[in-house]
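Engineer: after the sequence you'll find the predicted model.
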Amino acid sequence: TYVVTENCIKCKFMDCVEVCPVDCFYEGENMLVIHPDECIDCGVCEPECPAEAILPDTEDGVEKMLEVNREYAEKWPNITQKGEEPADAEEFNGKEGKFEEFFS
Ligand code: SF4
Ligand code: F3S
């Protein structure tokens, strides 16, 4: 599966949802997650993210975020169309500590 990682938080560009062939993205207030059991590993979303927030689960260090994706994909609503990104999205691109600061 692919995983939405920390840099999505407060960036939430949503280009990823437009290309997913199985519509497996779910939307929280500050970020999206991928349902790990629905993702077919096609990889097309990875290069679409301007924040480079999508990684395969074979990448080192994504374990925590994989569990976050799994948990919240069951709680948040499905999203299939790109909405308007936050006005300050670029300011948060690459910022450290976003998980601790904004994830609830
Ligand atoms: Fe969707 Fe493919 Fe990305 Fe998985 S890897 S979330 S199936 S676009
Ligand atoms: Fe997030 Fe990148 Fe999608 S910032 S919403 S994973 S395009």
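Structural biologist: Arrived safely. Numbers count the residues shown, from 1 in each chain. Ligands and ions are numbered 1, 2, ... in the order given.
Engineer: so which bits of stretch 86-101 are buried?
Structural biologist: By 16 or more other Cβ atoms under 10 Å, the buried positions in stretch 86-101 come out as Ala89, Phe92, Asn93, Lys98. No exception for glycine: its C-beta is placed from N, CA and C like everyone else's.
Engineer: and that stretch, average pLDDT?
Structural biologist: The predicted model gives stretch 86-101 an average pLDDT of 97.
Engineer: and for stretch 23-36?
Structural biologist: 98.
Engineer: out of the buried residues of stretch 86-101, who's near ligand 2?
Structural biologist: For ligand 2, no contacts are drawn from the buried residues of stretch 86-101 by Cβ under 6 Å from any ligand atom.
Engineer: nearest to Glu46, of those residues?
Structural biologist: For these, the closest approach to Glu46 (Cβ to Cβ) belongs to Asn93, at 16.3 Å.
Engineer: so that closest one touches Asn7, yeah?
Structural biologist: Yes - counting by Cβ atoms under 8 Å, Asn7 is a contact partner of Asn93 at 7.0 Å.
Engineer: common neighbours of these two, please.
Structural biologist: Taking Cβ atoms under 8 Å, 6 or more residues apart in numbering as the contact rule, Asn93 and Asn7 both touch Ala51.
Engineer: burial of the residue lying closest to Glu46 once chain neighbours are set aside, as a residue count?
Structural biologist: Ranked by Cβ to Cβ, 6 or more residues apart in numbering and with sequence neighbours excluded, the top spatial neighbour of Glu46 is Ile54, at 4.8 Å. When neighbours are counted by other Cβ atoms under 10 Å, Ile54 registers 23.
Engineer: tell me the contacts of Ile54?
Structural biologist: Tyr2, Val3, Val4, Thr5, Cys8, Cys16, Ile34, Cys45, Glu46, Glu48.
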